[in-house]
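1. No sequence on hand, only this structure:
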């Protein structure tokens, strides 16, 4: 078991080194950093000085190690576009993205699993079939379109005629732009403590969570149906165990083994899909930063974002592996023969 | 050792063949097959197939059937700008079914041309991903050992990174490499490459899994017994047997690729405004939402939704039909 | 005489399908008295498992009971609402499944599953339930039950898991147990122990047992009364000794006759001639075109010191890798024209040897010589291998996996002959048609796909494929273990014909001793990868030398009860 975890950690380190290499190669070979940093008006002396200062004359491996060393210390260079240290920009923006991802992640996982289990157990029922049909629309709606439609409906608002009051009510309920008022805690900025901050979070969180939720739900359902067909489930029913015990104790626990992996991947996806949601809602997080960097070929920001995101993914995957070990005894205990 | 008590479902299974069994034509056999039967019985699949067919025809024949040529500046009339749908323009009297945008372009025509781009990018990206994924998956599953470890590790790492992120990165890098003056021309191909490269893992994993199962089947042993080459065994014997899950994945991937293309274009890193796809049209339409010109966004958005939904419905039906146990 | 505990009257099960309503069980009636073991025997598709599932109320939709009734202790149970059926399941009627590897939930300890089942039925505390669980494990013969109760299923072997499954079925002291092929997935030695246990428990606790099986030997050894099912109906029933000893119905008669006997060798198997199942095999036509190729002197095929190791646990560090020796220094020689048998339990390495000799697995040590030439192992030349390939063919175990499902039958049959170039391309179509006709399928079978054929027909296709290259050496790897006994008789007769009329030399792999007795001239016995004894067949069965051989032979199902009508001795 220990060797299993050690092997996983080793693999994670290798993944990070490879991602680092990709990031560094982008940094080094895509476009000319000199050209990016110095404008049209430059002298050869300026170019040489900068090459020397950036260490571009060193051998590749030395440059790579230098890049890694600086990255570990949080130094990702200077943004071509904003001319500020990348790390500083990222740190400033990370809380916005993490808050958004956390809220939508919880929505997606909790509702996704619950609905998935429900539709698997009641797979012939009307409600389950209705949910499945709607969920297909869910996976066919691109995230950005969900966002745009939500903005249209709840941000711009639609006047619905009613026979009381002013004669109409508006569906304009939530802000659609930015984070609202935030509270600065020094090392963290949060929108969760203010009314406008929370209101601003509603639409982006739904946008980001909805697609992932439908995916998780459909995956949980199909895994659970697979488990429900197994012999040990039939045997559990043949022993006269109650349907509740069979479904929620035997089937659910076995469903969770593959589902944990899926959820790990989906949490990663949430961080990536935050790029889209942040663009739609002009949410000032790292995703919006990244998309601007892609548009303007701001390589240091792209490289740093890549490194940051991969560290998050690797951590999520390690947690998934540990959960795996706790759920599945076959990984903990060697099979004996007797 | 396999289960020695395989129990076939048909109790009359050992009856000898009818001596004069007339062989129906291949087409007839497909039509009578379980797949076609289940297709004919599924109204959802029929409607979805119809929607996809209409859209593919509309896209393919766009230059012939589009009422206007939206990207020919000579044919545009600024007086036609911002015409609401289902009404004639108040100045020129021209009629536009889905209205026009601020430049006077017919929304219906832009949708037909946009569909062309969306479908082309989606189909090409899936074909590219299929080719790559099937080859690598077969190789990993059949060769095993180090080949397998390397291919599947790469796949695992890439799977950790959501495809939209991979596509964005590839797109970003490609932009850095391609000189500015060629970026617009290259955009479509860069899109195909980015989406295709970000999507091969699904195919590789499914094909590898199926290959591992098939590899142990005795018909493969029978082929090895007579000394058939590994290439012949992989492509002539195993490949035909791993294709049905690939078909399901390909359909679902097509929906995902169309959505990915639209997403990238919406983010402004996909199809350029001179060659707008559905995503680009939605991006443009979004700006008009706040001023009340909803149709510029609405019709492209619904077209995209209908296309993705129909393809997904077909994929869903196909998976159920090929794997009846799941129903 | 006591009243029956379970009584089935006129039971009919229906499944609506695309091509109309199928009735896999029709008008079935029988009963079980307390302490009695009633067998339900039949071949695949006869509806016996479906009857078992109907009794316990676990028919998979859309199958349902359309007529008849099931009474437990005089009370009708088949029309009860699902909630009450669930109360009867496990508590009054329990079930034992076929495959112990998949019937236990892998994520819970054996104890957790037992305690949960006990507490679902009996009003006891958690501590008492645990004590009961340990006692049950002890009763079904699990050593050190106090420790093993806290282990997970994957820590038990197959036979031990089946004991756990039985313990789970006994949790609430049920009155009736439905055992669906409870020993089919197990080796003979373990099979005998499990059957003993079931018999003991039935007597001791006065339980009625419904034993569903396809195996006549199991029926003969275990049951008090038997019902023979054919195509959804019961064709004969009565006390086991009477039904097997003096069968009345023609189907039962032919079924009993087709069971391979361990005690004497017959020239041919009597074929099941009920329901139009016989299909011709035209050995005379085949023999007419077969080239005469007299074998040289000396051994035909020689295996020397065959050794094969598989990686059991991989590691980057070579010294930490664990290897499993599947075949350990096996040497034997096969004489021209004989059938040489290899027999052993699962995991004994018999299939591995077959594959090493066929050239499918590389050898770790040792060599294979074919007529003196090294064809596998260190000294083998490519030329010798190629020459060998056109002389050897193989019949595989599983007719559902040995034919490529996506290839048409004519392509399947033609492939070896075409690839090895033994038939000119122009003659292929004619030759394939001829072969298919001679194995009894008709030339037009070539236009179909494998899934359109039954197991026995597919095995005939395999034989046609093997014969297309006109080989001299045939490796048969459990060629009939996936087939019903009536089909087995047909296929084994075909193989006998091939040896007799075409002079083929055969390596015959099987786990089934009676089949080996009927088929082989000499036999090698394998245990854990080692060849423990090689002897002439008659001597091996009558005077086994090695203790393991003696044990295997003593465990063979007894067929003394079976009628000998229709058997022609050699």
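-> Perfect, thanks for sending it. None of the values given here were measured: they were computed from a predicted structure.

2. and the residue of the stretch 101-250 of chain C nearest chain A?
-> Here the residue of the stretch 101-250 of chain C nearest chain A is residue C:102; by C-beta to the nearest C-beta that distance is 4.0 Å. C-beta here means a position set from N, CA and C on the backbone, and glycine is covered the same way.

3. ok, the residue nearest to that residue when sequence neighbours are not counted - contacts?
-> With C-beta to C-beta, 6 or more residues apart in numbering or on different chains as the measure, residue A:231 is the residue that lies nearest to residue C:102, at 4.0 Å, once sequence neighbours are left out. By C-beta atoms under 8 Å, 6 or more residues apart in numbering or on different chains, residue A:231 lies in contact with C:97, C:99, C:102-103.

4. I'd like these as JSON lines, with neighbour count appended.
-> Putting those into JSON lines (neighbours: other C-beta atoms under 10 Å in any protein chain shown) gives the following:
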{"residue": "C:97", "neighbour count": "22"}
{"residue": "C:99", "neighbour count": "19"}
{"residue": "C:102", "neighbour count": "17"}
{"residue": "C:103", "neighbour count": "24"}
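
5. which one of these is nearest chain B?
-> Distances from chain B to the contacts of residue A:231, taken as C-beta to the nearest C-beta, are shortest for residue C:99 (7.6 Å).

6. Mind pulling up the pLDDT for that closest one?
-> Per-residue confidence (pLDDT) for residue C:99: 85.

7. Please name the nearest non-neighbouring residue to it.
-> For residue C:99, the spatially nearest residue (C-beta to C-beta, 6+ apart) is residue C:185, at 4.9 Å.

8. wait, isn't the one you found in contact with residue C:98?
-> Yes. Checked against C-beta atoms under 8 Å, the pair residue C:185 and residue C:98 is within contact range at 5.9 Å.

9. just to revisit the earlier point, quick one: which two of the contacts of residue A:231 are the most distant?
-> C:97 and C:102 (7.9 Å; C-beta to C-beta).

10. which phi and psi does the spatially closest residue to residue B:78 that is not a sequence neighbour have?
-> Excluding the flanking residues, the one nearest residue B:78 by C-beta to C-beta, 6+ apart is residue B:104, at 5.5 Å. With angles defined as degrees, to the nearest 10, residue B:104 shows backbone torsions of phi 90, psi 20.

11. circling back: dump the residue contacts of the residue nearest to residue C:99.
-> Neighbouring residues of residue C:185 by C-beta under 8 Å, 6+ apart: B:3, C:98-101, C:158.

12. Turn those into TSV, including secondary structure.
-> Compiled in TSV, those are given as follows (DSSP: H, G, I helix; E, B strand; the rest coil):
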residue	secondary structure
B:3	coil
C:98	coil
C:99	coil
C:100	coil
C:101	coil
C:158	helix
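
13. Could you measure from the residue nearest to residue B:78 over to residue B:70?
-> Shown here: residue B:104 relative to residue B:70, a distance of 9 Å by C-beta to C-beta, to the nearest Å.

14. just residue B:303 next, same as before
-> Taken as C-beta to C-beta, the spacing of residue B:303 relative to residue B:70 amounts to 15 Å.

15. The residue lying closest to residue C:262 once chain neighbours are set aside: neighbouring residues, count only.
-> Nearest residue to residue C:262, sequence neighbours excluded (C-beta to C-beta, 6+ apart): residue C:514, at 4.2 Å. Using other C-beta atoms under 10 Å in any protein chain shown, the number of residues around residue C:514 comes to 18.

16. Look at residue C:514 and tell me its secondary structure.
-> Per three-state DSSP, residue C:514 ends up helix.

17. Flag the shaky bits of chain C, pLDDT-wise.
-> C:1, C:271-279, C:295-296, C:314-316, C:565-570 (pLDDT under 70).

18. For chain A, which element, helix or strand, carries the lowest mean pLDDT?
-> Least confident helix or strand, chain A: helix A:33-37 with a mean of 64, by mean pLDDT, DSSP states H and E.

19. helix or strand right after that helix?
-> Sequence-wise, the next helix or strand downstream of helix A:33-37 (DSSP states H and E) is helix A:44-54.

20. Remind me what that following helix packs against, helices and strands.
-> helix A:33-37 (3 or more C-beta pairs under 8 Å, 6 or more residues apart in numbering or on different chains; DSSP states H and E).
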